[in-house]
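# dropping the sequence and predicted coords here.
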Amino acid sequence: MSDSIRHIDVALGDRSYTVSIGPGLIDDTAQWRKALRGRHAMVISNSTVAPLYLERVTRGLDGLSWSSFLIDDGETHKSFANVGRALEALAHLGATRDACIIALGGGVVGDLAGFTAACWMRGIDFIQMPTTLLAMVDSSVGGKTGVNLPAGKNLVGAFHQPRAVMADTHTLATLPEREYRAGLAEVIKGAAIGDRAFFEWLERHADALAARDSYALIEAIARKVAYKAGVVSRDETEQGERALLNLGHTFGHALETAGNYTAMLHGEAVAMGMLLAARLSERLGMSEAIDTTRLHALLERVGLPTTIPAGMQADVLLALMRLDKKTLAGSLRLILWRGIGRAEIVAGVDEAAVTAVLTEACTH
Ligand code: NAD
Ligand code: GLY
């Protein structure tokens, strides 16, 4: 196997698993077949990714009883209805308790496939084969699975860890530029929350990452995954530290909703949300202006948004932030930071300060 392949362990006792990162992993059948225990496998993918990569996966399923289940492309298809259909497809395959689901795609496919695996016979194995940068550095690692309801995103789900994650970086060659950059936001987020040395490394390699240099990319994915693996090992079910991974999310969700989920991709909204969280932290005296400036510069260098889309209003955004899942007993609870590499959960955040930050951002 190529020495550019990186392996990172997620330590969770007898549910531990390895995240492998590098070029050509989908074709390294011998490697990922080790994670399959039974005679049945079902690949879940979508209508965009399947024509590109499905055949390369199914070539590795020789000798097994297997099928594939495809959903249409898009967040709205991360639905209960599709989980129901996937479960019917498993029944049709005759899948037993030792069957394995393979999730081939971005976070939408990964979340839905993982939740399907959590439900079938009260939980079967699944392998994540992420094909977006966001899925490689975030959603495929850590076992959060689920689907959306009309009432809101990710309202239904389960913690169900994969048996292996195979991140084939060759697949990123077909990823649209905007999706790629949105994935970089999740890389920067990990460094901003808890790894100052990584943040400095990103500052040195921002241009290489923007240009998709493969050495820089594999190193960045590996560092972000290593950071997340540590957090998940210490706090699998988000009783404390794992919540820090949501830096920028309360602002970001408000931006996504205000833009009807079309103005900004999730990663773009997280990038802007992090910047707003940094500005708020600075205003509250928790961090220095230089940290905000460095975050702003790094986001800008990799082509992520640093301004709010025209037409959005501070009062609307604040109202949306109050609806966030992290809001407790009517008081705003946000992930803020004490500068690069140090985030913390702050309850009872002063709404006047939030309004001031939003108003300033909406008028510039
Ligand atoms: P996505 O799955 O919608 O993928 C983005 C787009 O890229 C889609 O159009 C997809 O078809 C396309 N695509 C995927 N791989 C491709 C490739 N290699 N070449 C060309 N096109 C490709 O979006 P995403 O950003 O990967 O994931 C977002 C989802 O992840 C959301 O549903 C979010 O809630 C979820 N998420 C989950 C977690 C978690 O911990 N479980 C964390 C973050 C986000
Ligand atoms: N994406 C946040 C988490 O996995 O906890």
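Cool, got the structure. Ligands and ions are numbered 1, 2, ... in the order given.

# flag the shaky bits of the stretch 151-300 of the chain, pLDDT-wise.
Of all residues in the stretch 151-300 of the chain, none has pLDDT under 70.

# skipping adjacent residues, who's closest to the residue in it that ligand 1 sits nearest to in space?
The stretch 151-300 of the chain approaches ligand 1 most closely through Thr174 (3.5 Å), counting by CB to the nearest ligand atom. In short, each C-beta sits where N, CA and C put it, glycine included. Using CB to CB, 6 or more residues apart in numbering and skipping residues adjacent in sequence, the residue nearest Thr174 is Leu52, 5.7 Å away.

# could you identify the helix or strand that succeeds the helix or strand hosting Leu104?
Element membership for Leu104 (DSSP states H and E) is strand 100-105. Remark: after strand 100-105, the chain's next helix or strand is helix 107-119, criterion DSSP H and E.

# do that next one and ligand 1 meet?
Yes - on the criterion CB under 6 Å from any ligand atom, helix 107-119 is in touch with ligand 1 at 107-109, 111.

# any idea which of those has the most stuff around it?
Among the residues of helix 107-119 next to ligand 1, the one with the most neighbours (other CB atoms under 10 Å) is Val109, at 31 neighbours.

# quick one: the strands in the stretch 1-150 of the chain?
All strands of the stretch 1-150 of the chain, identified by DSSP state E, counting those that start in this stretch, fall at 6-10, 17-22, 40-46, 65-71, 100-105, 125-130, 144-149.

# for the third one, buried residues please.
What that stands for is strand 40-46. Going by neighbour count (16 or more other CB atoms under 10 Å), the buried part of strand 40-46 is 40-46.

# in the residues you listed, find the pair that's most separated.
Largest separation among those by CB to CB: His40 and Asn46, giving 21.2 Å.

# quick one: residues contacting the nearest residue in space to Gly259 that is not next to it in sequence.
Nearest residue to Gly259, sequence neighbours excluded (CB to CB, 6+ apart): Pro309, at 5.9 Å. Neighbour list for Pro309: 255, 259, 263-264 [criterion: CB atoms under 8 Å, 6 or more residues apart in numbering].

# just to be sure, Pro309 is in a strand?
No - counting by DSSP: H, G, I helix; E, B strand; the rest coil, Pro309 falls outside a strand, being coil.

# and the pLDDT at it?
Per-residue pLDDT puts Pro309 at 94.

# with Ser2 instead?
52.

# could you figure out how far the longest helix belonging to the chain is turned away from strand 6-10?
If you go by DSSP state H, the chain has its longest helix at helix 214-234. Using axes from the mean of the first three to the mean of the last three CA atoms, to 10 degrees, one finds that helix 214-234 and strand 6-10 are set 10 degrees apart in direction.

# any part of helix 214-234 near ligand 2?
No - for a cut-off given as CB under 6 Å from any ligand atom, helix 214-234 has no contacts with ligand 2; the smallest distance is 6.9 Å.

# residues making contact with whichever helix or strand comes after that helix?
Per DSSP H and E, the first helix or strand lying C-terminal to helix 214-234 is helix 249-258. Contacts of helix 249-258 with the rest of the structure, by CB under 8 Å, 6+ apart, involve 153, 263-264, 266, 269-270, 272-274, 276-277, 308-309, 312, 316-318, 320-321, 324, 326-327, 332, 334-335.

# same check on stretch 73-88?
Here stretch 73-88 has contacts from 42, 44, 46-48, 69, 71, 108, 111-113, 115-116, 119-120, 147-149, 153, 156, 261, using CB under 8 Å, 6+ apart.

# for it, the distance to its chain's centre please.
Relative to its chain's centre, stretch 73-88 lies at 19 Å (CA atoms, centre = their mean, to the nearest Å).

# for it, which positions count as buried?
Buried, per 16+ other CB under 10 Å, within stretch 73-88: 73, 77-79, 82-83, 86-87.

# now narrow these to whatever sits close to ligand 2.
When CB under 6 Å from any ligand atom is applied, no member of those is adjacent to ligand 2.

# so how far is stretch 148-158 from its chain's centroid?
When C-alpha coordinates are averaged (CA atoms, centre = their mean), stretch 148-158 and its chain have centres 16 Å apart.
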